[in-house]
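Q: need a structure here:
(one chain, ligands or ions: 3)
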Amino acid sequence: MRQKYTAAHWGSYQVNASGDEVKLEPLDDDPNPSTIGNGWMSATTDNQLRITKPAVRKGWLENRQTSNRCNDTYIEVEWDVALDLAAKELTRVRQAHGNSAIYAGSYGWASTGRFHHAQSQLKRFLNTIGGFTSSKTTYSHGAAEVLLPHITGMSNRVFQDEMTSLELVAEHCEYLVCFGGISARTAQITSSGTSKHEVENWLEAARQNGMKVVNISPLRSDFSSDAGAQWLPIRPNTDAALMLAIAHTLIDRNLYDEAFLNTYCVGWDAFKAYVMGDTDGIAKTPEWAEEITEISESDIIELAENMARYKTMVSTTWAMQRADHGEQPIWLALTLAAMLGQIGQKGTGFSFGYGSTTPVGRSDKLISWPSVPQGQNPVKDFIPVAKITELLSTPGKNFKFDGKTHQMPDIKLVYWAGGNPFHHQQDLNKLNDAWTKPDTVIVHEQFWTSTARRADIVFPVTSSLERDDIMMNRRDPKLVWMERVYEAKIDAKSDHDILCGLAERLGVLDEFAEGKSVDQWLEQLWSDSQKVAKSEEFELPSFEDFKNEGVFECPNSSETRIQFSDFIADPEANPLNTPSGKIEIYSETFAKMELADCPPHPMWLEPVEWLGDKNNKPNALHLISGQPATRLHSQLDNGSESKSTKIKGREPAYLHTDFAAKMGTQSGDIILVHNERGKCLCAAQLTDDIHPQSISLATGAWYDPQEIDGEIIEVHGNPNVLTIDKGCSELSQSNIAHTALVWVSKWEKPLPPIKVHSPPEIKQPN
Ligand SMILES: Nc1nc2c(c(=O)[nH]1)N[C@H]1C(S)=C(S)[C@@H](COP(=O)(O)OP(=O)(O)OC[C@H]3O[C@@H](n4cnc5c(=O)[nH]c(N)nc54)[C@H](O)[C@@H]3O)O[C@H]1N2
Ligand SMILES: Nc1nc2c(c(=O)[nH]1)N[C@H]1C(S)=C(S)[C@@H](COP(=O)(O)OP(=O)(O)OC[C@H]3O[C@@H](n4cnc5c(=O)[nH]c(N)nc54)[C@H](O)[C@@H]3O)O[C@H]1N2
Ligand SMILES: [Mo]
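A: Ligands and ions are numbered 1, 2, ... in the order given. The predicted structure is shown next:
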């Protein structure tokens, strides 16, 4: 029998059926398959939590009431009824308020598959009817997306593409200094899908080559190939201070490369004056940094000396900039690499995001495969993506972004497909309040997620296991025919088909679907891909042959890269696309912006909340809310893999053994984690491998707020009831998920049930 395949953000799979049971087995040649896929089938076939029919919220249906948008009954309706309601509402809002009253940034990871990409489909559809208010940048690396073009002349996308290959790090680097680690946990994932996981292999090869590793991180496990790594458990959000002290030591001992700085950078003198204390009277010495970072003076000096002695790579995770003033440590790490003068050489210099997802630093050719065209959005209004709560609650408010001032439009209709804002946004209780403001919320979802149960019109959508598609990712050498694994046994449609239903009602079906069936769209994508392959000097098979084979591997795809290599080789001929043509350690552009929280050269700026604040109440802990090991964000939280690590149904929270002893807490105890923004219940897990005043609670437990004795408590362990809804600066306005202080206490009351893993109340129409 012909072998079937499918793919997801966490890997590619052979589909093997024995009897009624379908098994997804990772590709044979994937060196280190993800375990996330173990929960894929059980989550997707969970018909309790799948949305099985279109549904309309009762309060909205009866009297357009919006205040009860989190706790209402749903009425199941036929497709025609739901589509008519949505089409009518879109028309009303456009006519009464204009298209900018529709917010459809619709941020989220959705599923792998080039055609059934929820956001592309939604944006294409809305662009045919006059557009929508959009969002800019990402939750992943929004601060870097705005910063990097100014200081390196590269967009974050190009910067990620050009990252020095891990293969070269393994071969040439002697000293890997990782801020935030490099972790197999996050390297399970690639946006758009992956066919292999090899970060661990490169790290192992490097280790065999004698490379020394320093893991500067609140969690020891952040460098997962732990053997032999030195762990410096830094106080969270203080890396900028540590980096400045390293700079101070390099200057003090004359261990920096002045010629490199003069040739390839601007602004060295201003930065040096700041480091030495000439501008503000504070020398950024190791002694100064020890108090801020809890890394000892002697460790800092040793670190700086080693960095100058060895071939060094200064590596930063994306998490570093998901924090207050998150631009600063990224900029400083690049500055340190410039001081060492090893940028543009094999396996050394600066990197951003090794391990944060699996393809960063991958040695494969980049091939820009075609995608579904989204068209042009005539509406210019936008928000930086994490400003969603403000957008809904303060229409008309001005905000700064990348040096300009903009205004929030007045949103009447929110349309979401392929994302879960009640997973991703910081300070969810605040979002929950703001969410009552718009007239109407339309959501396409597979599951009764926290967002689906806060929508007025809910369209059930198929999973990628229930439709045909193609996995192609410019950073992966394989193309995978994602053949439908089984027929959906529920009344769901693809995002595309739902939008065709709306397009027909709004008279734009021809523009939206171009008269093509889904099969014809897939064929079109393939024939466009054949042209791309030709330009890369290889042939793709016919579509029929591709579908029969299931997987195509691009030939001769291996290609290593060295970031900045052209610029370093000849800075005159290949200047960077910055105002100075060089790496900007001082930015005139920022100086002109005059932002209090993003100065013209990188600095140490105290975060809005941190452990060094003298006014903190006793027993504060810094909350690390990183990516979950067992799922993709909130996806598959109802599946077996995610559930396997929960304790009494709650998300585990990792606490230091000493701190737990002081609080009288043991592994398995249910604890209340709280601050002024929210409270949640999780299960304590004790460890010695965490910074002693930190607590680590992964994201992704579905948001489940309940009223208990007069207060709202999230009962499942969702960290975003504790995080802060604030931009990291007026430059990027990116989220600060990794900046928050919390307190813990033992939960002595009866344990409330998890309600979010059961569907809301659903009724048939009268
Ligand atoms: N505290 C804290 N918060 C964070 C972060 C953090 O580090 N700490 N990280 C942030 C980051 S980096 C990110 S990227 C975000 C992630 O935030 P999201 O991307 O919003 O999270 P997901 O859980 O992946 O949500 C995707 C949703 O799409 C649905 N879906 C899947 N396939 C389809 C489809 O084909 N069609 C439709 N219509 N729906 C589909 C899934 O069921 C799921 O509910 O979270 C951010 N939030
Ligand atoms: N398994 C799994 N993998 C994923 C995802 C997922 O949901 N599940 N999501 C993917 C997505 S969308 C993204 S954007 C990436 C994100 O990739 P990352 O941003 O690299 O991942 P995080 O888990 O947020 O953070 C990594 C580590 O940074 C450390 N850290 C936090 N704050 C600080 C600090 O101030 N200083 C230092 N030195 N370290 C700090 C924490 O200990 C944390 O464990 O992950 C991707 N990979
Ligand atoms: Mo992300």
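
Q: just give the nearest non-adjacent residue to residue 215, would you?
A: residue 223 (3.7 Å; Cβ to Cβ, 6 or more residues apart in numbering). C-beta: built from backbone N, CA, C; applies to glycine.

Q: could you list the low-pLDDT ranges of this structure?
A: Residue ranges of the chain with pLDDT under 70: 225-227.

Q: where does it come near ligand 2, residue by residue?
A: Applying Cβ under 6 Å from any ligand atom, one finds that the chain approaches ligand 2 through 36, 140, 179-181, 185-186, 188-189, 216-219, 222, 234, 236-237, 239, 317-320, 323, 356-357, 624, 626-629, 632-633, 738.

Q: who are the neighbours in contact with the nearest residue to residue 265 once chain neighbours are set aside?
A: In space, and not counting its chain neighbours, residue 265 is closest to residue 583: 4.6 Å by Cβ to Cβ, 6+ apart. If a contact means Cβ atoms under 8 Å, 6 or more residues apart in numbering, then residue 583 has 151-152, 264-266, 334, 338, 343, 576 as its contacts.

Q: if we use 10 Å, what do you get?
A: Contact analysis of residue 583 by Cβ atoms under 10 Å, 6 or more residues apart in numbering lists 151-153, 260-261, 264-268, 331, 334-335, 337-338, 343, 350, 564, 567, 571, 576.

Q: residue 419 too?
A: 105-110, 118-119, 139, 385, 443-445, 449, 451, 633-634 are the contacts of residue 419 under Cβ under 10 Å, 6+ apart.

Q: repeat that for residue 202.
A: 165-171, 182, 225, 354-355, 361-363.

Q: is it part of a helix or strand, or is it coil?
A: The three-state label for residue 202, taken from DSSP: H, G, I helix; E, B strand; the rest coil, comes out as helix.

Q: write out the residues of this protein neighbouring ligand 1.
A: Residues of the chain lying close to ligand 1 (Cβ under 6 Å from any ligand atom) are 108-111, 116, 118, 139-140, 322, 417-420, 423-424, 444-447, 449, 461, 495, 625-627, 632-635, 699, 719-720, 723, 737.

Q: would you point out which residue of the stretch 451-600 of the chain is nearest ligand 1?
A: Among the residues of the stretch 451-600 of the chain, residue 461 lies nearest to ligand 1; the distance is 4.3 Å by Cβ to the nearest ligand atom.

Q: wait, isn't that residue in contact with residue 416?
A: No - Residue 461 lies out of contact with residue 416 (Cβ atoms under 10 Å); the separation is 11.3 Å.

Q: dump the residue contacts of the residue in the stretch 501-650 of the chain positioned nearest to ligand 2.
A: Distances between the stretch 501-650 of the chain and ligand 2 by Cβ to the nearest ligand atom are smallest at residue 626, namely 2.5 Å. By Cβ under 10 Å, 6+ apart, the contact set of residue 626 is 180-181, 183, 185-186, 218-219, 222, 317, 319, 322, 696-699, 719, 737-738.

Q: and residue 517, by the same measure?
A: By Cβ under 10 Å, 6+ apart, the residues touching residue 517 are residue 523.

Q: just the contacts of residue 419: which are in strands?
A: 443-445 (DSSP state E).

Q: one step back: the residue nearest to residue 215 reaches residue 211, doesn't it?
A: No - contact between residue 223 and residue 211 fails when scored by Cβ under 10 Å: they sit 11.9 Å apart.

Q: between those two, who's got more neighbours?
A: residue 223 (26 against 23; other Cβ atoms under 10 Å).

Q: beta partners of that one?
A: Beta bridges link residue 223 to residue 182 when assigned by DSSP bridges.

Q: before we move on, the earlier item: from the contacts of residue 202, which ones fall inside strands?
A: Short answer: those have none in strands (DSSP E).

Q: what residues of stretch 52-67 count as buried?
A: Across stretch 52-67, burial judged by 16 or more other Cβ atoms under 10 Å covers 52-61, 66.

Q: kindly apply the preceding question to stretch 519-538 instead.
A: For stretch 519-538, burial by neighbour count (16+ other Cβ under 10 Å) applies to 521-522, 524-526, 529-530, 532-533, 536.

Q: now it - C-alpha only, CSV.
A: Presented in CSV, the C-alpha positions along stretch 519-538 are these (Å, rounded to 0.1, in the frame of the first residue of the first chain):
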residue,chain,number,x,y,z
ASP,A,519,-7.8,20.7,-5.4
GLN,A,520,-7.2,23.3,-8.1
TRP,A,521,-5.6,25.7,-5.6
LEU,A,522,-3.3,22.9,-4.5
GLU,A,523,-2.4,22.2,-8.1
GLN,A,524,-1.7,25.8,-8.7
LEU,A,525,0.6,26.0,-5.6
TRP,A,526,2.4,23.0,-6.9
SER,A,527,2.9,24.3,-10.5
ASP,A,528,4.1,27.6,-9.0
SER,A,529,6.5,25.6,-6.8
GLN,A,530,7.8,23.8,-9.9
LYS,A,531,8.8,27.2,-11.4
VAL,A,532,10.5,28.2,-8.1
ALA,A,533,12.4,24.9,-8.2
LYS,A,534,13.5,25.5,-11.8
SER,A,535,14.9,28.9,-10.8
GLU,A,536,16.9,27.0,-8.2
GLU,A,537,18.1,24.6,-10.9
PHE,A,538,16.2,21.4,-10.0
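
Q: and the residue nearest to residue 265, how far from residue 266?
A: As judged by Cβ to Cβ, to the nearest Å, residue 583 and residue 266 stand 8 Å apart.

Q: tell me, what's touching the two both at once?
A: With Cβ under 10 Å, 6+ apart, residue 583 and residue 266 have common neighbours residue 151.
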